[in-house]
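Enquirer: return atomic coordinates for the entry below.
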Amino acid sequence: MATCSPGGDSVDETNDPGAAPYGNFINYYTFNPPENRLSLIPATLLQDLGYGRGHGTTLMLDVGCNSGDLSVAFYKHVVEEPVCEVDVHLLGFDLDEALIERAQQANPLPGSISFIPLDITTDTEQLQDYLTGRGCSHFHLSLCLAVTMWVHLNQGDSGLLKLLSRLASISQHLLLEAQPWKCYRSAARRLRKLGRSDFDNFKTLKIRGDMAEHAREHLEGHCGMELIQSYGSTVWDRKLLLFRRR
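Expert: Next up, the predicted model:
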């Protein structure tokens with residue numbers, strides 16, 4: 001899943017929100033490369049969170065992983081660059097089966113990274129089965145980067161809150177990047193430019209404005225999580241916020 005461009009509407013139509021109403025762009029990482037996020041995230045992140053030597057297996061989750069480029073780059077950034085001496089596995093998923101197939105075929109670390117097709121808004125069992133099979137009750141670190149807007153536009157206010165609650169229930173730490181409201185307007189505008197119907201829920205959404213703040217309020221007020229770190233904003237003016245289960 002993905003987002004609006006930093007320059008407004010200047011994105012090729014094949015990567016346009018109108019052409020990919022669930023954010024499943026076919027060439028997303030050509031215009032938002034992994035380095036845009038990784039430059040803000042310390043390579044020592046896992047150690048900083050206490051997942052170092054002696055911790056045992058550490059599980060990471062990438063929500064809406066698209067073709068897996070960021071999943072692989074993030075794994076290498078926090079595991080291989082600092083020579084993290086711990087067993088780390090990353091699971092990436094996306095609702096687009098074609099993108100997952102690309103991720104699987106290009107995966108350079110099949111022993112440590114896996115990809116599955118999954119729609120988290122309808123399937124609540126696969127992730128739990130994955131955890132149970134590894135003897136864990138939660139993912140130690142989940143990434144939800146540029147996904148919230150697409151769930152919000154397609155599933156409404158309740159869908160957004162359910163997503164956040166679901167991720168909080170299965171995550172010890174959650175790294176969140178919520179698209180700002182200007183991206184919602186751009187997504188709706190591009191859809192109309194292509195002559196397609198508007199997002200069903202866009203005009204009726206009551207959760208508007210500072211979307212990162214709305215997410216923080218829900219996670220802290222209703223999900224037992226707390227904001228512990230802000231890594232600043234990406235070149236696309238989106239905050240990277242790290243939450244921890246209390």
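Enquirer: residue 124 contacts residue 166, doesn't it?
Expert: Yes. Using CB atoms under 8 Å, residue 124 is in contact with residue 166, at 7.1 Å. Where C-beta positions appear, they are placed from N, C-alpha and C, glycine not excepted.
Enquirer: in the protein, which residue is most central in space?
Expert: Centroid-nearest residue in the chain, with CA atoms, centre = their mean: residue 144, separated by 2.3 Å.
Enquirer: could you pull up phi and psi at the residue nearest to that one when sequence neighbours are not counted?
Expert: Nearest residue to residue 144, sequence neighbours excluded (CB to CB, 6 or more residues apart in numbering): residue 63, at 4.5 Å. Backbone torsions of residue 63, given as degrees, to the nearest 10, read phi -80, psi 120.
Enquirer: could you do residue 225 as well?
Expert: The phi/psi pair for residue 225 (degrees, to the nearest 10) reads phi -110, psi 160.
Enquirer: what is it paired to in the beta sheet?
Expert: residue 245 (DSSP bridges).
Enquirer: neighbours of it, just the number please.
Expert: Neighbourhood size, residue 225 [other CB atoms under 10 Å]: 24.
Enquirer: equivalent analysis for the one 4 residues further on, please.
Expert: With neighbours defined by other CB under 10 Å, the count for residue 229 comes to 16.
Enquirer: that one against residue 241, yeah?
Expert: Yes. Between residue 229 and residue 241 there is a contact under CB under 8 Å: 7.5 Å.
Enquirer: that older thread, was I right about the residue nearest to residue 144 contacting residue 148?
Expert: No. Residue 63 is not in contact with residue 148 according to CB under 8 Å; the separation is 9.4 Å.
Enquirer: between residue 124 and residue 166, who's got more neighbours?
Expert: residue 166 (16 against 12).
Enquirer: which sections of this structure are below the confidence cut-off?
Expert: 1-19 (pLDDT under 70).
Enquirer: now do the helices in it.
Expert: 28-31, 35-38, 45-48, 69-75, 97-106, 126-133, 148-169, 181-193, 211-222 (DSSP state H).
Enquirer: any idea which of these is most buried?
Expert: Mean neighbour counts were compared across the helices of the chain using mean count of other CB atoms under 10 Å; the top stretch is helix 69-75, at a mean of 22.
Enquirer: which elements pack onto it?
Expert: helix 35-38, strand 58-63, strand 88-94, strand 113-117, strand 141-145 (3 or more CB pairs under 8 Å, 6 or more residues apart in numbering; DSSP states H and E).
Enquirer: redo these as TSV? Include distance to residue 219.
Expert: Below are the helices and strands packed on helix 69-75 laid out as TSV (distance: least, CB to CB, whole Å):
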stretch	distance to residue 219
helix 35-38	19
strand 58-63	14
strand 88-94	21
strand 113-117	25
strand 141-145	11
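Enquirer: wait, which of these is closest to residue 173?
Expert: Proximity to residue 173, assessed across the helices and strands packed on helix 69-75 by CB to CB, is greatest for strand 141-145 (4.7 Å).
Enquirer: quick one: the closest one to strand 58-63, angle?
Expert: Per axes from the mean of the first three to the mean of the last three CA atoms, to 10 degrees, the angle that strand 141-145 makes with strand 58-63 is 20 degrees.
Enquirer: would you mark the buried spots in strand 141-145?
Expert: Neighbour-count burial for strand 141-145 flags 141, 142, 143, 144, 145 (criterion: 16 or more other CB atoms under 10 Å).
Enquirer: partner strands of that strand, with direction?
Expert: When DSSP bridges is applied, strand 141-145 pairs with strand 58-63 (parallel), strand 173-177 (parallel).
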